[in-house]
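Visitor: Mind looking at a prediction? Sequence and model below.
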Amino acid sequence: MAEVSLVQPIVDGELVEKTTKKKDTTGTSELGKDQFLQLLVTQMQNQNPLQPSSDTEWISQLANFSSLEAMQNMSGTMTGTQAMSMVGKYVDIVAKTDSGKTNNESGYVDFVNVKDGNVQVSVNGKLYDAAEVVNVYDDYYLLQNGIGTEDNANKEETGREETDKKTENV
């Protein structure tokens, strides 16, 4: 059975609840599912017992919560799908280093790594967040504009060598 205490600790004139880890949402205006659920629980805890909220209000808020969660899941899936379509494409990446400097990188996407909802692309042997990709080029566009021609030549030559090796072994 849960223990109920009538005395709560006070720090700087405010009641202190159990400490929980907070996700840094400073500077963002989006309401995540954790914040939405926390807001819903706080509303339930602090409602006026003489004028409780109606069932339809709670059902409406739970429906909003379910809708928010579904949209966030779909957004994550779409991000992964978009990144998968970049495999084999030539991309430009603008990444910020830990020191705050901007690092520009260009090359072909070798593979995509999706782990814990974080989508990363591999370019030139390094992993970058998919959100850092600023341009994706089609091979035809590259040939027409002479972008990445060294990489195209290397890609074609490597492909020919691999094909020749496979053909020789047959």
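Guide: That came through fine.
Visitor: Going by C-alpha atoms from here, please, whenever you check contacts or count neighbours.
Guide: OK.
Visitor: longest single helix anywhere in this structure?
Guide: helix 55-84 (DSSP state H).
Visitor: Follow the chain on from that helix and name the next helix or strand.
Guide: Downstream of helix 55-84, the next assigned helix or strand under DSSP states H and E is strand 90-96.
Visitor: Would you give the sheet partners of that next one, along with the direction of each?
Guide: Take DSSP bridges as the rule and strand 90-96 pairs in its sheet with strand 102-115 (antiparallel), strand 133-137 (antiparallel).
Visitor: which SS state does Q51 fall under?
Guide: Assigned by DSSP: H, G, I helix; E, B strand; the rest coil, the conformation of Q51 is coil.
Visitor: Equivalent analysis for Q144, please.
Guide: helix.
Visitor: how near is it to D138?
Guide: The spacing between Q144 and D138, counted by Cα to Cα, to the nearest Å, is 10 Å.
Visitor: Looking at those two, which one has more neighbours?
Guide: More crowded of Q144 and D138, by other Cα atoms under 10 Å: D138, with 12 against 9.
Visitor: what's the closest non-adjacent residue to the more buried one?
Guide: K89 (6.4 Å; Cα to Cα, 6 or more residues apart in numbering).
Visitor: For burial, what's the neighbour tally of the one you found?
Guide: Neighbours of K89 (other Cα under 10 Å): 15.
Visitor: I figured it was touching V109, is that so?
Guide: Yes. Assessed by Cα atoms under 8 Å, K89 is found in contact with V109 at 5.8 Å.
Visitor: where does this protein have low pLDDT?
Guide: Residue ranges of the chain with pLDDT under 70: 1-33, 148-170.
Visitor: any idea how far G100 is from V94?
Guide: With Cα to Cα as the criterion, G100 and V94 are 12 Å apart.
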